[in-house]
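In: Sequence plus predicted model, see below.
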Amino acid sequence: MADKTKEFVRKKGIPEPAKKAVRKTNRNIEKCRIELKKPSGGGTIGHIGKTVVFQTSDRKILTFSKMQRSVKGRWASHSRIGKKPRKQFLGPDADQLTFTITLNAAHGVKPRKTVGNIEKLIRTGKPQTVVIGKKKVGSNKYVITEMSESWETILNRGEVVKISCDLTLEEYL
C-alpha cells in the first residue's frame, strides 16, 4: 500500500487538500515563531522620564512598592495676645513622591547600571514626567531629590545581584 501512495504522489503530485493542510501548518509554525520572539504576558507599568521604566515581561521585571504621595499646603501662623494664633494660607506646597524599587539581576535588571542612571538624574536635576499606568502623577514634572540604596546581594567577585533603592521625588514648579 505504501508503494502505491508513493507512486501516486510522484506521478500526480500532492493532492490539493494536503497542500492546504501543509500551508496552514506552515502558517501556524510561523505564528508560533513570532509569538516566541515577543515577550508575552507583560507590559509597561509606568516610568520616570525615559530613564527608569517600570515593566514586567518574560525577560525583565522592574517594579516599585510602597509608593506614597504627599500633597501639602503652606501656612503661616500669626501670634495674637491672649488668643490662639491665627492661621493664614500662603498657597500650595510642592508635592512629594516616595517609593522603593528593587533592582534584581535575576529579573533581567542591571542593578549598578540602573543606580548609575538614577544618580545622573539626581546630579543633573533634570525634571522628569512620572507616569503610572497611562496617567501622569500630579500635574507637573518631578525631580529626584534623594536616593538611598541598600546593596542586598553581592557575589564573591563583587558582582552586585540585588540593590534596593528608596527614592524621593519632589514636584518641579
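Out: Structure received.

In: contacts for stretch 50-65?
Out: 39-47, 99-104, 107-109, 114, 117-118, 120-121, 128, 132 (C-beta atoms under 8 Å, 6 or more residues apart in numbering). (C-beta placed from N, C-alpha, C; glycine too.)

In: Would you mind checking those residues for buried ones?
Out: Buried subset of the contacts of stretch 50-65 (neighbour count, 16 or more other C-beta atoms under 10 Å): 45-47, 99, 101-104, 107, 109, 114, 118, 121, 128.

In: got CSV for these, with secondary structure and distance to Met67 too?
Out: Below are the buried ones among the contacts of stretch 50-65 laid out as CSV (DSSP: H, G, I helix; E, B strand; the rest coil; distance: C-beta to C-beta, whole Å):
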residue, secondary structure, distance to Met67
Ile45, strand, 11
Gly46, strand, 10
His47, strand, 13
Phe99, strand, 4
Ile101, strand, 10
Thr102, strand, 13
Leu103, strand, 16
Asn104, strand, 18
His107, helix, 19
Val109, coil, 18
Thr114, helix, 18
Ile118, helix, 16
Leu121, helix, 17
Gln128, strand, 15
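
In: Can you add pLDDT and distance to Asn156 and give the residues you listed back as JSON lines?
Out: Shown next, in JSON lines, are these (pLDDT from 0 to 100; distance: C-beta to C-beta, whole Å):
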{"residue": "Ile45", "pLDDT": "84", "distance to Asn156": "33"}
{"residue": "Gly46", "pLDDT": "86", "distance to Asn156": "35"}
{"residue": "His47", "pLDDT": "87", "distance to Asn156": "34"}
{"residue": "Phe99", "pLDDT": "92", "distance to Asn156": "31"}
{"residue": "Ile101", "pLDDT": "92", "distance to Asn156": "25"}
{"residue": "Thr102", "pLDDT": "91", "distance to Asn156": "22"}
{"residue": "Leu103", "pLDDT": "90", "distance to Asn156": "20"}
{"residue": "Asn104", "pLDDT": "88", "distance to Asn156": "18"}
{"residue": "His107", "pLDDT": "88", "distance to Asn156": "21"}
{"residue": "Val109", "pLDDT": "87", "distance to Asn156": "21"}
{"residue": "Thr114", "pLDDT": "90", "distance to Asn156": "22"}
{"residue": "Ile118", "pLDDT": "91", "distance to Asn156": "26"}
{"residue": "Leu121", "pLDDT": "90", "distance to Asn156": "31"}
{"residue": "Gln128", "pLDDT": "90", "distance to Asn156": "36"}
